[in-house]
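Visitor: Starting from these lines, generate the structure:
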Amino acid sequence: MRKFSLKQIGLWVVLLAVTLSGSQCGKPTEPQPLITKTDYPVYFRKDEDAYGTSTYLYRYRPTTNEVDSILMPDTFNFFEVKPGEKQIFLHSNGKTEVYDIETQQIISVLPYFGRMSCSPDSQLIAISDGTELNIIDADNYSLIYHDTTDVARAVFTRDNKKLFCFNSTTPNLIILDRENNFSKTEKQIDVLAGRPIPSYDGQKLFFLNYFNWDATAFEVYDFSVDSIIFINVHSPGHGLMTISPDGKFVFFTNPGTMMVGTFPPPYYNAYDVDKNELLEISTLNFPGTENDSIKGMIAQEVAVTSDGKWVTTVGLGGYITAAEIETMTIVKSRMVERRADLWWWWNLTSSVLPPQL
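Guide: Modelled structure (predicted):
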């Protein structure tokens with residue numbers, strides 16, 4: 001049997017201590033790329049009653065163009081997929097339920113509710129309802145940070161270092177520094193924003209600014225120059241947006257509004273962050289369309305797969321499209337259901353993971 005000296009044993013103890021100290025609770029870690037998985041899904045729901053509740057969660061896989069449905073144990077309003085796709089956080093009846101995908105069971109119930117955002121390293125989940133913010137350990141569900149400021153629309157940067165929120169009673173932006181015990185700074189930004197999305201490193205902020213019933217502006221705010229550096233006003237409006245895992249593209253839809261009887265354009269947009277320019281992804285005449293009636297379909301909700309290869313939209317009536325981000329071209333489409341009541345509200349999201357390397 002090989003013997004070790006006290007000096008060697010002491011060295012191993014030091015190395016183990018250093019390794020363990022590198023995984024402190026609440027501290028950001030570099031996201032680890034997934035090597036074996038190749039089929040990354042997006043998840044979505046639809047309103048099933050007048051109260052905006054759902055019983056089914058849908059899962060779409062762009063690679064195979066397949067959709068499956070998951071019957072949830074309880075009704076819910078909206079959700080967040082934990083990075084790694086092992087758990088899903090559900091907003092249900094004034095609480096947050098943790099659903100385990102493998103066992104198909106609710107494994108924990110949290111006494112917090114509101115809009116949710118998971119950190120890309122899967123360590124934290126932020127829950128904000130407009131009156132308070134709670135940051136939870138995503139593994140043991142303990143409370144790490146609590147703020148009674150009127151905080152809403154919290155979202156993590158893709159590098160895991162900051163949490164961006166809005167004060168729901170003032171136009172102030174709230175920035176929490178995760179690397180400095182969630183130290184808080186506030187900054188007034190003269191925009192009436194929907195849920196903002198920060199750039200990968202938090203140096204820019206992307207908005208969909210609703211300034212009229214039938215008009216929306218996509219705006220880009222640059223902190224280095226303290227001003228808006230890009231604006232695109234389009235009508236009709238009321239779209240939604242998301243950012244790719246590598247932070248290179250921001251996608252936003254323009255589905256229009258029934259209130260003014262306007263019609264949506266046959267495309268949705270991709271903003272190139274580095275080039276500071278806008279691209280259009282056409283929904284006209286793409287291959288795989290089931291029939292002519294859905295050419296030029298409405299792109300309402302939008303999500304990017306966690307490997308950064310596909311951008312997926314779900315439109316009214318359950319029309320799904322999948323575009324390759326490399327070519328910015330729609331190459332797949334399908335319908336979830338064929339029904340007459342086409343005016344559904346969908347909630348589309350994906351697990352926030354780094355692109356596959």
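
Visitor: okay, and for the stretch 151-300 of the chain, where does confidence drop off?
Guide: 190-195, 211-214, 235-238, 255-264, 285-296 (pLDDT under 70).

Visitor: can you rerun that using 80?
Guide: Low-confidence segments of the stretch 151-300 of the chain, defined by pLDDT under 80: 151-152, 167-171, 189-196, 209-216, 234-239, 254-266, 283-298.

Visitor: Do a quick rundown of the strands in it.
Guide: Listed in chain order, the strands found in the stretch 151-300 of the chain under DSSP state E, counting those that start in this stretch are 151-156, 162-167, 172-177, 183-188, 197-198, 204-212, 215-222, 227-234, 241-243, 249-252, 267-272, 277-282.

Visitor: Count the neighbours of Pro266 for me.
Guide: Pro266 is flanked by 15 other residues according to other C-beta atoms under 10 Å. Any C-beta I mention is one placed from the backbone N, CA and C, and that applies to glycine too.

Visitor: Am I right that Ile88 is in a helix?
Guide: No. Secondary structure assignment (DSSP: H, G, I helix; E, B strand; the rest coil) places Ile88 in strand, not in a helix.

Visitor: can you pull the contacts of the residue nearest to it when sequence neighbours are not counted?
Guide: Counting by C-beta to C-beta, 6 or more residues apart in numbering, Tyr99 is the residue found nearest to Ile88 once chain neighbours are left out, at 4.5 Å. Neighbouring residues of Tyr99 by C-beta atoms under 8 Å, 6 or more residues apart in numbering: 72-73, 87-90, 105-107.

Visitor: Secondary structure element holding Tyr99?
Guide: Using DSSP states H and E, Tyr99 falls within strand 95-100.

Visitor: From the contacts of Tyr99, list the buried ones, please.
Guide: 72, 87-90 (16 or more other C-beta atoms under 10 Å).

Visitor: Now do the longest strand that the chain contains and strand 95-100, the angle between them.
Guide: The strand that spans the most residues within the chain, counting by DSSP state E, is strand 66-76. Here strand 66-76 points in a direction 140 degrees away from that of strand 95-100 (axes from the mean of the first three to the mean of the last three C-alpha atoms, to 10 degrees).

Visitor: For the nearest residue to Asp147 once chain neighbours are set aside, list each beta-bridge partner.
Guide: In space, and not counting its chain neighbours, Asp147 is closest to Leu133: 4.3 Å by C-beta to C-beta, 6+ apart. Using DSSP bridges, the bridge partners assigned to Leu133 are Ser128, Asp147.

Visitor: May I ask you to confirm that Leu133 is in contact with Arg153?
Guide: No. With contact defined as C-beta atoms under 8 Å, Leu133 and Arg153 do not form a contacting pair (10.2 Å).

Visitor: between the two, which one's more packed in?
Guide: Under the neighbour definition other C-beta under 10 Å, Leu133 and Arg153 were set side by side, and Leu133 has more, 26 against 20.

Visitor: Could you pull up the contacting residues of the more buried one?
Guide: Contact analysis of Leu133 by C-beta under 8 Å, 6+ apart lists 126-127, 145-147, 149, 151, 154, 165.

Visitor: And Ile136, by the same measure?
Guide: Under the criterion of C-beta under 8 Å, 6+ apart, the neighbours of Ile136 are 110, 112, 124-127, 142-144.

Visitor: so it sits in a helix?
Guide: No. Counting by three-state DSSP, Ile136 is not part of a helix but strand.

Visitor: Which pLDDT does the model give it?
Guide: Ile136 is assigned 94 on the pLDDT scale.

Visitor: Now do it against Pro196, distance only.
Guide: Per C-beta to C-beta, to the nearest Å, Ile136 is found 21 Å from Pro196.

Visitor: ok, the closest residue to Tyr145 other than its chain neighbours - contacts?
Guide: Taking C-beta to C-beta, 6+ apart, and ignoring the residues beside it in sequence, Tyr145 has Ile135 as its nearest neighbour in space, at 3.9 Å. Neighbour list for Ile135: 26, 124-127, 143-146, 163, 182 [criterion: C-beta under 8 Å, 6+ apart].

Visitor: Of the residues you listed, keep whichever come out buried.
Guide: Among those, those classed as buried by neighbour count (16+ other C-beta under 10 Å) are 124-127, 144-145, 163, 182.

Visitor: Reformat these as TSV; add distance to Asn209.
Guide: As requested, those are exported to TSV (distance: C-beta to C-beta, whole Å):
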residue	distance to Asn209
Leu124	28
Ile125	27
Ala126	23
Ile127	25
Ile144	32
Tyr145	29
Leu163	21
Phe182	28
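
Visitor: Please pull up the helix or strand immediately following the helix or strand hosting Val302.
Guide: Taking DSSP H and E as the criterion, Val302 maps to strand 301-304. Proceeding N to C from strand 301-304, the next assigned helix or strand is strand 310-314, under DSSP H and E.

Visitor: Identify the residues contacting that next one?
Guide: For strand 310-314, contacts defined as C-beta under 8 Å, 6+ apart pick out 40, 42, 44, 60, 62-63, 244, 249, 251, 253, 268, 270, 281, 299-305, 320-325, 336, 346, 348, 350.
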